[in-house]
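# Here is my input; please provide its structure:
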Amino acid sequence: MRVGIEVGGTFTDLVAVDGDQIEVVKVPSTPANPEIGAFNSLQGAGVSPAKVADLVHGSTVATNTILERKGASIAFVTTRGFRDIVFFQRHDRRNIYDLRYKKPAPPLRRKDCLEVMERVDGHGTVIVPLDETDVVKGLVPQIAAGGYGAVAVCLLSSYRAPQHEARVKELILQALPHVRVTCSHEVAREFREYERSTTTMLSAYVQPVIDGYLARFEKTLAEAGFRGTFSVMQSNGGRLPATAMRRNSITALFSGPAAGVVGAIGQAARSERRNLITFDMGGTSTDVCLVVDGAPSVSSETEIDGLPIRTPVLDIVSVGAGGGSLVWIDDGGMLRVGPRSAGATPGPACYGRGGTLPTITDAHVVRGTIRPDAFLGGGMRLDEDKAHKAFEAVATRLGMSIRQAASAAIRLAVANIVRAVQLVSTERGRDPRDYALLPFGGAGPLLAAEIAEELGCREIIVPPNPGVISAFGLLAADYVKVSGVTHRVLLSEEAPDALRREFMRFRESAEAEFRAMGLEGALSYELTAEMRFVGQAFEIPVDLDPARLSGLRASDIADAFAAAHRRIYFHGGEPGRKIEIVGLRFGVRRRLDTLPEFRERPSGLSSSGTIEVWTAAGAVSARLLSADRLVTGKPVAGPAMIEGYSSTLWVAPGWRAERDASGNIIMQRT
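Alright, predicted model coming up:
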């Protein structure tokens, strides 16, 4: 049996595959102890851990640790004279007209920033040797006196010459073996000191939390008889064994959203759709990603709580527009949705767990697109009266009826998601009208038609069990390791040879690392060059085919760069202008066997007849259908509500839906 468990902000999802049998379960998350919710999902599905051969896990633990500032007490160690780098940051201002603007706050105090005597220049040449006496008699006592649980070591230019960092770590562990030490060359061997510093700092900050969380979960599983393999999803769309993740937990920052994209791509491929805009609308946020020819865009940098992180991640844009996002009115009297969320506790008002503030889920209950007795296949009864009561204050302030206020909140959530889609499409040089919209998450299919109409998309693909696609994506994910390194060189006739040498070094290292992790089998490789015109401040990614490196010429690289530059900026640059490579990103992948067909779980609902739904145009009478009873090849014209166990699909007027042979529901505008 293979099991994927994804811990979200509101629900924990499980997909279990045993031969041709597939089990799907959603249970409430337990934010204080996420491993409890994960284990509860196994019990809810009736799955014995002793029968599980492969368990894949994704969670928001790393993200929440940073956002809630609940990580370890850390010390930041850097070259003497640079202790303020995490406070100086960059010159940019996110809100240029905010007179009270403050730069993002790192998760430590200035007194936690410590120094050692050493200096390496940008070419890797040692200018000042490491003063080991200074480390032993100065740094180590400061760490011991501070009671730090973790230490982040980021020395100047160590991406070129890491020997000083490695020695500092060795000396700290000799004296303080209980302290976890993270070095920048282990997590982000790339230039730009501030970004490398924050990446190392945040990695050290979450490491003890992730390590403890995984250890508790593994212990609980072992006590229940689990003897299989345990792996964790990464932000780059691939998984790694849990033991490897403990050495670089920052790569699990966006594991849940990444898993959803992987699952969506795999399921859409069965309907021969490869150009997609995916959007995952869960309990706390909506995550949007652009997929071109079956491959999601990958970014070398992301940020969380305003702090940059240099680690490869799927290019996902998140907005605070989930089912649990709060609906409120600001000081200017304007209606707002998110980014605050009711979360799993107390949750939306309709959950009946003490929440009183209106959310998007409450809005759906009010307008009729969620039936209170059909939520989670009837397994969780919603309180319609509490949903209406939650919207009373908002409706009064706006001078609307409760249904009008709920409808306005949903239209605003749609606008927020449309803006997020534009960030990954039109602002990347892509026209959303050329892509199919693929919604998932518990709330995604409810808004898909309205979002598609705003974007001009003509087709929507709704996978089976859309509310648990992230858990399915965990099982569909390959084993992947992505590494970035700064490699600055002018594009000349000698550049391809240097590129080949760097790639071969990476390949040898990757093969040894995968053997050490017990991941035998054929490996495939990916190579991306970070390139720019000389004088530009930022680079763009240019994908290169490792299989064609032997005959690669400088002109081929220049042509690939010009095409990428033209797609983003609508011009290929001035003829003859010098081009440089500033970094390389290597990927290695071990593919898994194909999963069985993902089928709709029977909801247990007897959905039939008609229901009244309140839309922006007023009340409409919609057909009520059960998702698992849709007949392949028999279209359903909107307005209609198609209810499943994990989600409900709203087929708006002017649309029709039809289940195809792969199990996906294809919606098209009539």
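# Could you give me the buried positions within the helix or strand residue 77 falls within?
Of the helices and strands defined by DSSP states H and E, residue 77 is found in strand 74-79. When neighbours are counted by 16 or more other C-beta atoms under 10 Å, the buried residues of strand 74-79 are found to be 74-79. Any C-beta I mention is one placed from the backbone N, CA and C, and that applies to glycine too.
# same deal with stretch 542-552?
By 16+ other C-beta under 10 Å, the buried positions in stretch 542-552 come out as 542, 544, 546, 549, 552.
# Report how many residues lie close to residue 81.
For residue 81, the count of nearby residues is 11 (other C-beta atoms under 10 Å).
# and the nearest residue to it once chain neighbours are set aside, helix, strand or coil?
Counting by C-beta to C-beta, 6 or more residues apart in numbering, the nearest residue to residue 81 once its immediate chain neighbours are dropped is residue 115, at 7.2 Å. With DSSP: H, G, I helix; E, B strand; the rest coil as the basis, the three-state label of residue 115 is strand.
# what's near enough to touch residue 115?
With contact taken as C-beta atoms under 8 Å, 6 or more residues apart in numbering, residue 115 is in contact with 77-83, 139.
# And for residue 6?
Counting by C-beta under 8 Å, 6+ apart, the residues that residue 6 touches are 12-14, 57-59, 233, 256, 259-260, 468, 470-471, 473-474.
# Distance check, residue 516 against residue 309.
Taken as C-beta to C-beta, to the nearest Å, the spacing of residue 516 relative to residue 309 amounts to 26 Å.
# let me fix that: residue 287
Following C-beta to C-beta, the distance that separates residue 287 from residue 309 is 16 Å.
# Between the two, point out the one with more neighbours.
Counting neighbours by other C-beta under 10 Å for residue 287 and for residue 309 shows that residue 287 has the greater number, 27 against 24.
# Excluding chain neighbours, what is closest to that one?
Across the structure, with C-beta to C-beta, 6+ apart as the measure, the residue nearest residue 287 apart from its sequence neighbours is residue 257 (4.0 Å).
# before we move on, which element is the one you found in?
Element membership of residue 257, judged by DSSP H and E, is helix 255-269.
# ok, which stretches of the stretch 201-350 of the chain are strands?
Secondary structure of the stretch 201-350 of the chain (DSSP state E, counting those that start in this stretch): strands at 229-233, 239-241, 276-281, 286-292, 295-296, 298-299, 302-304, 307-309, 313-314, 316-319, 325-329, 335-341.
# Compare these and give me the one nearest residue 196.
Relative to residue 196, the nearest member of the strands of the stretch 201-350 of the chain by C-beta to C-beta is strand 307-309, separated by 9.4 Å.
# Run the chain-centre distance for stretch 8-27.
Averaging C-alpha coordinates over stretch 8-27 and over its chain gives two centres that are 19 Å apart (C-alpha atoms, centre = their mean, to the nearest Å).
# ugh, wrong one, stretch 281-292
The chain centroid and the centroid of stretch 281-292 are separated by 8 Å under C-alpha atoms, centre = their mean.
# Mind listing what's buried along that stretch?
Applying a neighbour-count criterion of 16+ other C-beta under 10 Å, the buried positions in stretch 281-292 are 281-291.
# low pLDDT regions in the protein?
Low-confidence segments of the chain (pLDDT under 70): none present.
# Break this protein down into its structural domains.
Structural domains assigned to the chain are 2-65+210-252, 74-207, 479-590, 610-669, following automatic domain parsing.
# Could you say which of those domains is packed most deeply?
domain 2-65+210-252 (a mean of 21; mean count of other C-beta atoms under 10 Å).
# Figure out how far that domain is from the centre of its chain.
On C-alpha atoms, centre = their mean, the centre of domain 2-65+210-252 falls 16 Å from the chain's centre.
# on that earlier part again, reformat the strands of the stretch 201-350 of the chain as JSON lines; add distance to residue 101.
JSON lines is the format used below for the strands of the stretch 201-350 of the chain (distance: least, C-beta to C-beta, whole Å):
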{"stretch": "strand 229-233", "distance to residue 101": "35"}
{"stretch": "strand 239-241", "distance to residue 101": "38"}
{"stretch": "strand 276-281", "distance to residue 101": "30"}
{"stretch": "strand 286-292", "distance to residue 101": "26"}
{"stretch": "strand 295-296", "distance to residue 101": "33"}
{"stretch": "strand 298-299", "distance to residue 101": "25"}
{"stretch": "strand 302-304", "distance to residue 101": "16"}
{"stretch": "strand 307-309", "distance to residue 101": "16"}
{"stretch": "strand 313-314", "distance to residue 101": "26"}
{"stretch": "strand 316-319", "distance to residue 101": "21"}
{"stretch": "strand 325-329", "distance to residue 101": "23"}
{"stretch": "strand 335-341", "distance to residue 101": "18"}
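# Tell me which of the ones you listed lies nearest to residue 416.
Comparing those against residue 416 with C-beta to C-beta, the closest turns out to be strand 316-319 (5.0 Å).
# by contact count, what packs against that closest one?
helix 255-269, strand 286-292, helix 402-424 (3 or more C-beta pairs under 8 Å, 6 or more residues apart in numbering; DSSP states H and E).
# and residue 482, which of these is closest to it?
For residue 482, the closest of these is helix 255-269, at 11.7 Å, according to C-beta to C-beta.
# Okay, buried residues for that closest one please.
255-268.
# and what of stretch 333-345?
With burial defined by 16+ other C-beta under 10 Å, the residues of stretch 333-345 counted as buried are 335-338, 341-344.
# I'd like those residues laid out as JSON lines, including distance to residue 414.
Output for those, formatted as JSON lines (distance: C-beta to C-beta, whole Å):
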{"residue": "335", "distance to residue 414": "13"}
{"residue": "336", "distance to residue 414": "14"}
{"residue": "337", "distance to residue 414": "10"}
{"residue": "338", "distance to residue 414": "13"}
{"residue": "341", "distance to residue 414": "17"}
{"residue": "342", "distance to residue 414": "19"}
{"residue": "343", "distance to residue 414": "22"}
{"residue": "344", "distance to residue 414": "24"}
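# Distance check, the residue located most distally from the centre of the chain against residue 117.
When each C-alpha in the chain is compared with the mean C-alpha position (C-alpha atoms, centre = their mean), residue 133 comes out farthest, at 43.1 Å. According to C-beta to C-beta, residue 133 stands 9 Å off from residue 117.
# List the residues that contact residue 616.
By C-beta under 8 Å, 6+ apart, the neighbours of residue 616 are 407, 411.
# any idea how far it lies from residue 321?
Here the criterion is C-beta to C-beta. By it, residue 616 lies 17 Å from residue 321.
# before we move on, what about residue 99?
From residue 99 over to residue 321 (counting by C-beta to C-beta), the distance is 28 Å.
# Columns distance to residue 435 on top of the contacts of residue 115, output as CSV?
As requested, the contacts of residue 115 are exported to CSV (distance: C-beta to C-beta, whole Å):
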residue, distance to residue 435
77, 46
78, 44
79, 47
80, 52
81, 50
82, 45
83, 47
139, 53
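# Which residue comes closest to residue 596 once chain neighbours are left out?
Once flanking residues are discounted, residue 596 sits nearest to residue 20: 5.6 Å by C-beta to C-beta, 6+ apart.
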